[in-house]
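>>> What shape does this take:
(chains A and B)
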Number of protein chains: 2
Amino acid sequence: MTPSEPIPIIGGTGALGAGLATRWAQAGVPVVIGSRSAERAGEAAAKVREAVPGADVRGMENGEAAGQGEIVFLTVPFRAQSENLQNLRDHLRPGQLLVDCTVPLAAAVSGKATRSLGVWQGSAAQQAQEMVPDGVTVVAALHTVGAPTLADTAAALDEDILVCGDRKADKARVARLVEAIPGLRAVNAGPLEMARIVEQLTPMLISVNVRYKAHAGIKLTGLPDGDHWA
Amino acid sequence: MTPSEPIPIIGGTGALGAGLATRWAQAGVPVVIGSRSAERAGEAAAKVREAVPGADVRGMENGEAAGQGEIVFLTVPFRAQSENLQNLRDHLRPGQLLVDCTVPLAAAVSGKATRSLGVWQGSAAQQAQEMVPDGVTVVAALHTVGAPTLADTAAALDEDILVCGDRKADKARVARLVEAIPGLRAVNAGPLEMARIVEQLTPMLISVNVRYKAHAGIKLTGLPDGDHWA
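Numbers count the residues shown, from 1 in each chain, chains lettered A, B, ... in the order given. Here you go, the predicted structure:
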């Protein structure tokens, strides 16, 4: 799959965003890395092009990046989520999907990464849905895939991505992008409110990673074969 | 592995308890099914012996059952958890482990099984820890394995059981029993407070099961080989 339209990654200079950019670049999908600083975005893009020669990856200031594609990924730390959404208000337009990958780790307020914060709306994704302009729809995904594993282009991925959103058609569009990365399967985890649970998987996996010195991911067993998204 | 000591299952006439009893019976582990009614416990035990001829499975009133082994499993619905723990107060003794399998589904208060209740202590398992007599330690496990899959003795299991507890040695004892059932791997998910997250996996899996018409389970990828519990 090679969509002609690029994937904007807001906060794409961070570990998760850069890892995703690298994997999509490998898969031949154009990416626009967004950052508060156009310069740092450009540097991050150059790094991806170094790792994946010939990759179509550019860097831009976040607001400009957000206009470059219909499905925008938000990969900033929870600490910066609200500020970023505030800044994106004038840049997102009706019809766009915002894929929120935020996890409300207690680390955002100098707590542990194995604990989480209660978010008034129920989840970071629901907070995002409250903050985006009218007509923009939030889908939650990509909380459990480890940034180090994504960044290691030699590492084979083999895990599921739980996707939450209120309309299957929206989730299906995100699923196609997720599954453009070999080794990732997108699973329909339910409505956006289910992000309350899915976001919590990250601190649990971090706890497991500490104990096992591993980079654990999630897989669901017992699902039928075939394309759920077709 | 065949421990000589039986496994008491409080609320063992329910779907999860009966399923576990059947699988342990298959594995040659003696089981005592507990119920409020000794008669119904006896009937449930007879059913297991029918499914697994020659199985060492007996039925007793809950309080009596709880005294039959050092590692007691509590498999009642959340609605009945507090009442059962109250009733067990005079029967549990210091040194015993109570394995809480309770999930605070909103179904307990006529809500949806794809949603959960907030528990004051943070999780059903932490509520259990508050309610057991001094010297009894709670471990949380077995939230995600489906009762229908357990009950279908012809079905092959292939999933992980996330185990939460404050001491690895306690979790290791529970892990041995979990892994006595072929196809189940016990994963150390962290301290008991992590049950706040692990208990939430059940409503998420129920949501997936509805969408996929499946009996989904959980598996963690990326863990090292070898026995974590040794």
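
>>> CA only for contacts and neighbour counts going forward, please
Fine.

>>> Quick one: the strands in chain A, in order.
A:7-10, A:31-35, A:57-61, A:71-74, A:97-100, A:137-140, A:159-164, A:184-190, A:217-221 (DSSP state E).

>>> Adding mean neighbour count, write those out as TSV.
Shown next, in TSV, are the strands of chain A (neighbours: other Cα atoms under 10 Å in any protein chain shown):
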stretch	mean neighbour count
strand A:7-10	30
strand A:31-35	30
strand A:57-61	24
strand A:71-74	26
strand A:97-100	26
strand A:137-140	28
strand A:159-164	26
strand A:184-190	23
strand A:217-221	21
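
>>> and the spatially most central residue of chain A, what is it in contact with?
A centroid search over chain A (Cα atoms, centre = their mean) returns residue A:101, at 4.1 Å, as the residue closest to the centre. Counting by Cα atoms under 8 Å, 6 or more residues apart in numbering or on different chains, residue A:101 makes contact with A:73-76, A:125, A:140-143.

>>> again, only using 10 Å
Residues near residue A:101 by Cα atoms under 10 Å, 6 or more residues apart in numbering or on different chains: A:16-17, A:73-78, A:81, A:124-125, A:139-144, A:195, A:199.

>>> possible to save the strands of chain A as JSON lines with distance to residue A:22?
What follows is these, written out as JSON lines (distance: least, Cα to Cα, whole Å):
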{"stretch": "strand A:7-10", "distance to residue A:22": "11"}
{"stretch": "strand A:31-35", "distance to residue A:22": "9"}
{"stretch": "strand A:57-61", "distance to residue A:22": "9"}
{"stretch": "strand A:71-74", "distance to residue A:22": "14"}
{"stretch": "strand A:97-100", "distance to residue A:22": "18"}
{"stretch": "strand A:137-140", "distance to residue A:22": "20"}
{"stretch": "strand A:159-164", "distance to residue A:22": "17"}
{"stretch": "strand A:184-190", "distance to residue A:22": "14"}
{"stretch": "strand A:217-221", "distance to residue A:22": "19"}
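
>>> any chance of those in TSV, with mean pLDDT and distance to residue B:88 too?
Shown next, in TSV, are these (pLDDT from 0 to 100; distance: least, Cα to Cα, whole Å):
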stretch	mean pLDDT	distance to residue B:88
strand A:7-10	98	54
strand A:31-35	98	57
strand A:57-61	98	62
strand A:71-74	98	49
strand A:97-100	98	45
strand A:137-140	98	42
strand A:159-164	98	39
strand A:184-190	98	37
strand A:217-221	98	35
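
>>> Would you convert these into TSV that also reports distance to chain B?
Output for these, formatted as TSV (distance: least, Cα to the nearest Cα, whole Å):
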stretch	distance to chain B
strand A:7-10	26
strand A:31-35	27
strand A:57-61	29
strand A:71-74	23
strand A:97-100	18
strand A:137-140	14
strand A:159-164	7
strand A:184-190	5
strand A:217-221	5
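
>>> Looking at those strands, spot the one closest to residue B:108.
strand A:184-190 (20.5 Å; Cα to Cα).

>>> the inter-axis angle of that closest one versus strand A:159-164?
30 degrees (axes from the mean of the first three to the mean of the last three Cα atoms, to 10 degrees).

>>> Direction included, what does strand A:184-190 pair against?
strand A:159-164 (parallel) (DSSP bridges).

>>> Would you enumerate the residues in contact with residue A:173?
Counted by Cα under 10 Å, 6+ apart, residue A:173 has contacts A:71, A:97, A:229.

>>> on that earlier part again, and residue B:54, which of the strands of chain A is closest to it?
strand A:217-221 (31.3 Å).

>>> and the angle from that closest one to strand B:159-164?
Using the same axes, to 10 degrees: strand A:217-221 against strand B:159-164 is 130 degrees.

>>> Any buried residues in the worst-scoring helix or strand of chain A on mean pLDDT, and which?
In chain A, the helix or strand scored least confidently by mean pLDDT, DSSP states H and E is helix A:147-151, which has a mean of 93. When burial is assessed from 16 or more other Cα atoms under 10 Å in any protein chain shown, helix A:147-151 yields the following buried residues: A:147, A:149-151.

>>> neighbouring contacts of that helix?
Against helix A:147-151 from outside (Cα under 10 Å, 6+ apart): A:14-23, A:48, A:51, A:155-157, A:181, A:215-217, B:222.

>>> which of these are buried?
Counted by 16+ other Cα under 10 Å, the contacts of helix A:147-151 give A:14-23, A:48, A:51, A:157, A:181, A:215-217, B:222 as buried.

>>> Among those residues, name the ones in helices.
A:15-23, A:48, A:51 (DSSP state H).

>>> what sits against residue A:80?
Contacts of residue A:80 by Cα under 10 Å, 6+ apart are A:11, A:102, A:108.

>>> Out of the residues you listed, which is nearest to residue A:90?
Using Cα to Cα, the contacts of residue A:80 come closest to residue A:90 at residue A:11, 16.8 Å.

>>> The closest one is in contact with residue A:35, isn't it?
Yes. Counting by Cα atoms under 10 Å, residue A:11 touches residue A:35, with 5.1 Å between them.

>>> Same list, the contacts of residue A:80, but as CSV with distance to chain B and neighbour count please.
Below are the contacts of residue A:80 laid out as CSV (distance: Cα to the nearest Cα, whole Å; neighbours: other Cα atoms under 10 Å in any protein chain shown):
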residue, distance to chain B, neighbour count
A:11, 26, 26
A:102, 17, 26
A:108, 18, 16
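
>>> Can you lay out those residues as TSV showing pLDDT and distance to residue A:114?
Listed next are those as TSV, based on pLDDT from 0 to 100; distance: Cα to Cα, whole Å:
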residue	pLDDT	distance to residue A:114
A:11	95	22
A:102	97	15
A:108	94	12
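
>>> Per-residue pLDDT of residue A:4, please?
Note for residue A:4: predicted pLDDT of 68.
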